[in-house]
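Participant: One predicted model, sequence on top.
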2 protein chains.
Amino acid sequence: EDLKKQQDVKSSDPYSSDPERHPVLRINSLKPFNAEPPAEILTDNYITPSALFFKRNHLPVPQVDPASYRLSVEGLPGGAMTLSLEDLKTKFPKHTITATLQCAGNRRAEMNKVKLVKGLNWGIAAISNASWSGAKLRDVLLAAGYGPDVAKWAHHVQFEGLDKDVTGTTYGSSIPINKAVSEEGDVLLAYEMNGETLPADHGFPVRVVVPGTVGARNVKWLGKIVVSAEESNSHWQQNDYKGFSPGTDWDTVDFKSAPAVQELPIQSAITAPADGAMVDRSEEEVTVQGYAWSGGGREVVRVDVSVDGGKTWQVAQLRTSDKGQVYEPSPPPGRAWAWKLWEVTVPIPPGAKELEIICKAVDNSYNVQPDTVAPIWNLRGVLSNAWHRVTVKVREDEDEE
Amino acid sequence: EDLKKQQDVKSSDPYSSDPERHPVLRINSLKPFNAEPPAEILTDNYITPSALFFKRNHLPVPQVDPASYRLSVEGLPGGAMTLSLEDLKTKFPKHTITATLQCAGNRRAEMNKVKLVKGLNWGIAAISNASWSGAKLRDVLLAAGYGPDVAKWAHHVQFEGLDKDVTGTTYGSSIPINKAVSEEGDVLLAYEMNGETLPADHGFPVRVVVPGTVGARNVKWLGKIVVSAEESNSHWQQNDYKGFSPGTDWDTVDFKSAPAVQELPIQSAITAPADGAMVDRSEEEVTVQGYAWSGGGREVVRVDVSVDGGKTWQVAQLRTSDKGQVYEPSPPPGRAWAWKLWEVTVPIPPGAKELEIICKAVDNSYNVQPDTVAPIWNLRGVLSNAWHRVTVKVREDEDEE
Ligand SMILES: [Mo]
Ligand SMILES: [Mo]
């Protein structure tokens, strides 16, 4: 009877069918599940293994039967088009794109140190890079009747997930129509991640991948696509995922006054050494590593690193593949969807007992990261892209002391 | 005889036929002519009058006879196409675009205060906004034979000016092909500025207007267009107008290591009050005004203003027309080519003897300006877009003293 009770409790928990997760993940919230890989292993791989890829769920993971799965495409002349998973896989060319996804709240912890914000306390690893395969949204919209007449009134493509809360409200968001239909937008309806079936936590059987655009628009467990004159009216499009002035608080905020976050700004962070680590004076040098990425397909062109709190700067080496692998050719302009990993080895300054290590990146529009967190602080704790800083202690060689 | 000598000297001066200029302009260099309007009048008009629009010439102004003027379009299958001014005006639809142009060196004076750089000492007014009319470059390239086959190998469109130095070297630069041929790129071969014939200083009879892109690519006195697999090999494309790390000096710089500046980053500056001005305590408030703009068609969505050195921030009112005029509808996403003017009235903080006034802008990719100049300092003094700061003194009411 105890067992029965337990099962009842379990089955009334909408999160009871959530998948297993990798034990190394750092959990920010269990229900819904939100977790990031440890920063110290984030840049071990150019392509983040799916099990380590950050998880950002707003609701319970829905269980979707791939055989009965249907995707509905609405809002176009001629009525709704319904596609099975098989249709998506066989009726449209399969494209593979390497794209970095980043949560709007990545590095929120640094904003919380300035003043508490509302949101999950993400560290620097709510960002990961994967290879995604699927049909192009553009191809599906064209097949469903998108054309010049629709272009006259359509401004947005809305996405609805199959994940829902207890009231039946589903997750949803939208992107601008030009991103959705442009040949260069590379928006995918992805059914594979890193060459395998999309994992449950990443949207099985189909998710949207909107390269260069904030994670929140990359809707998972995709159930419906709607072409519309309007943005999604979901909470997450209208009253969340927007940036505000540091002086705006919950009493004064007008969510209508700011645009929904779409393309993200230039970002970078240090994954090694860790904050608070020790470096040995006898090593003479310290090797600093990290990631850099920018939204909107803007390519990272430089990462500057300082080990003296910003007084002097060294230029890091960038790479777009795992070490020892052949470098990928540069993506076409405006389609740099994947992060760059970087590394630089810098002499330990003589006499320094502590090093303040800083990184800052530049993209090919020469946008840069701001110096400090407080002036970009916002009540929702999004868009946290100030210079990343870690402090390490220099351990003097014992013989010398 | 003295007169004759004088005329000989004059005619041997390649700048002798340069046009008259407005006396209010602040001259940074006379030959070639480089000048900006006084900052205090820059934002008096949403559309900058042509006579006040900043002038940035690299070479003498060429004298071009509009009747014999020919534009050559090269590099496409079928050989060169030659167009007269009449051809440009009659064979292609006329389009009008309001676009802000900014010199790469705008606000270089602030970099010079950190450490001397090479270049003209521009203040904050090497930026202006005009309405441009002409043929779309896209239409001309399509007429000249651009198509899917060319798209396979063509990566750049090069421009050559008719202005030349004593050795015959002409001004030149290039832009990425996708900007040139995209319907949304809005690149013009402009023959009118603010509804009138293009003035001599702005490229009569034809200039390129590349909205969202650094001034240097908006080639004036356009003589030749070349579709190519390569960027322009001109000095200004290859060895100038690029950004570098603050640690890079003239001994270590490798111009090949940085991309040519194309889209510019988010920018804003304060045009009133002027640095060093007085405000009266009895006024109780101070009104701060300025401009904000971002490259790549990214729309300015917010300007934050502080009168206490960055401790607290107020959100400014933005406008896209002259005061009292009807606001223009928002441009389509990615095509916000024109600046926004802004204004905010802030209480004078009690007890303050001096106000450090700061502005910083945000665009719709949520890119922001960096806090300080030194970390973006670069040897050529380009891309100077840190927070703009002015200091004003508060004059106490005499009765109160
Ligand atoms: Mo997110
Ligand atoms: Mo310039």
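Facilitator: Good, I have the coordinates. Ligands and ions are numbered 1, 2, ... in the order given.

Participant: Find the nearest non-adjacent residue to residue A:37, please.
Facilitator: Distances taken as Cβ to Cβ, 6 or more residues apart in numbering or on different chains put residue A:52 closest to residue A:37, at 4.4 Å, once the chain neighbours are dropped. Every C-beta, even on glycine, is put in place using the N, C-alpha and C of the backbone.

Participant: How about residue A:78?
Facilitator: residue A:145 (4.9 Å).

Participant: quick one: the helices in chain A?
Facilitator: Using DSSP state H, the helices found in chain A span residues A:2-12, A:39-42, A:85-90, A:108-114, A:137-143, A:148-151, A:177-181, A:235-238.

Participant: which secondary structure elements does the second one contact?
Facilitator: If contacts are counted by 3 or more Cβ pairs under 8 Å, 6 or more residues apart in numbering or on different chains; DSSP states H and E, helix A:39-42 sits against strand A:267-272.

Participant: So in that sheet, which strands flank the strand it packs on, and in what orientation?
Facilitator: Paired neighbours of strand A:267-272 in the sheet (DSSP bridges): strand A:285-293 (antiparallel).

Participant: Go ahead and name everything in contact with the strand it pairs with.
Facilitator: A:42-43, A:100, A:102, A:127, A:266-273, A:279, A:300, A:303, A:305, A:307, A:316, A:318, A:338-348, A:355, A:357, A:359, A:361, A:388, A:392 (Cβ atoms under 8 Å, 6 or more residues apart in numbering or on different chains).

Participant: in stretch A:273-281, what's buried?
Facilitator: Neighbour-count burial for stretch A:273-281, counted by 16 or more other Cβ atoms under 10 Å in any protein chain shown, picks out A:273, A:279, A:281.

Participant: what do you get for stretch A:219-233?
Facilitator: Neighbour-count burial for stretch A:219-233 [16+ other Cβ under 10 Å]: A:219-228, A:231-232.

Participant: What average pLDDT does it get?
Facilitator: Mean pLDDT, stretch A:219-233: 98.

Participant: That one and ligand 1, any residue contact?
Facilitator: No. Stretch A:219-233 does not reach ligand 1 (Cβ under 5 Å from the ion); its nearest approach is 11.3 Å.

Participant: Could you list the contact residues of chain A toward ligand 1?
Facilitator: Counting by Cβ under 5 Å from the ion, the residues of chain A close to ligand 1 are A:103-104, A:215-216.

Participant: do you know which of the helices of chain A lies nearest residue A:158?
Facilitator: Closest to residue A:158 of these is helix A:235-238 (Cβ to Cβ; 8.2 Å).

Participant: List the buried residues of the closest one.
Facilitator: Buried, per 16+ other Cβ under 10 Å, within helix A:235-238: A:236-237.

Participant: go on, stretch A:21-34?
Facilitator: Neighbour-count burial for stretch A:21-34 [16+ other Cβ under 10 Å]: A:21, A:25, A:28, A:32-34.

Participant: Same question for stretch A:317-327.
Facilitator: Across stretch A:317-327, burial judged by 16+ other Cβ under 10 Å covers A:318-320.

Participant: Could you list which residues are in contact with the residue nearest to residue A:37?
Facilitator: Contacts of residue A:52 (Cβ under 8 Å, 6+ apart): A:22, A:24-25, A:37, A:41-42, A:45, A:128.

Participant: Could you list which of those residues belong to strands?
Facilitator: residue A:128 (DSSP state E).

Participant: Report the two of the contacts of residue A:52 separated the most.
Facilitator: Maximum distance among the contacts of residue A:52 (Cβ to Cβ): 14.9 Å, for A:25 and A:45.

Participant: mind checking pLDDT for the residue in the stretch 251-400 of chain A that ligand 1 sits nearest to?
Facilitator: As assessed by Cβ to the ion, ligand 1 sits closest to residue A:382 within the stretch 251-400 of chain A, at 8.1 Å. For residue A:382, the pLDDT comes out at 98.

Participant: wait, it sits on residue A:236?
Facilitator: No. In this structure residue A:382 lies outside contact range of residue A:236 using Cβ atoms under 8 Å: 11.6 Å.

Participant: and the closest residue to residue A:124 other than its chain neighbours, how far is that from ligand 2?
Facilitator: Nearest non-adjacent residue to residue A:124, counting by Cβ to Cβ, 6+ apart: residue A:269, 4.1 Å away. Separation of residue A:269 from ligand 2 (Cβ to the ion, to the nearest Å): 33 Å.

Participant: Pull the number of nearby residues for residue A:269.
Facilitator: 27 (other Cβ atoms under 10 Å in any protein chain shown).

Participant: contacting residues around it?
Facilitator: Residue A:269 neighbours (Cβ under 8 Å, 6+ apart): A:39, A:107, A:124, A:290-291, A:359, A:388.

Participant: Compare those and tell me which is most surrounded.
Facilitator: Counting neighbours by other Cβ under 10 Å, the top entry in those is residue A:291, with 29 neighbours.

Participant: For the residue lying closest to it once chain neighbours are set aside, grab phi and psi.
Facilitator: Nearest residue to residue A:291 in three dimensions, chain neighbours excluded: residue A:339, at 5.0 Å (Cβ to Cβ, 6+ apart). Backbone torsions of residue A:339, given as degrees, to the nearest 10, read phi -70, psi 170.

Participant: Let me know the pLDDT of residue A:339.
Facilitator: pLDDT, residue A:339: 98.

Participant: Surely it is in contact with residue A:129?
Facilitator: Yes. If you go by Cβ under 8 Å, residue A:339 and residue A:129 touch, sitting 5.1 Å apart.

Participant: any shared contact partners between these two?
Facilitator: residue A:100.

Participant: out of those two, which sits in the more crowded spot?
Facilitator: Using other Cβ under 10 Å, the more surrounded residue of residue A:339 and residue A:129 is residue A:339, with 28 against 25.
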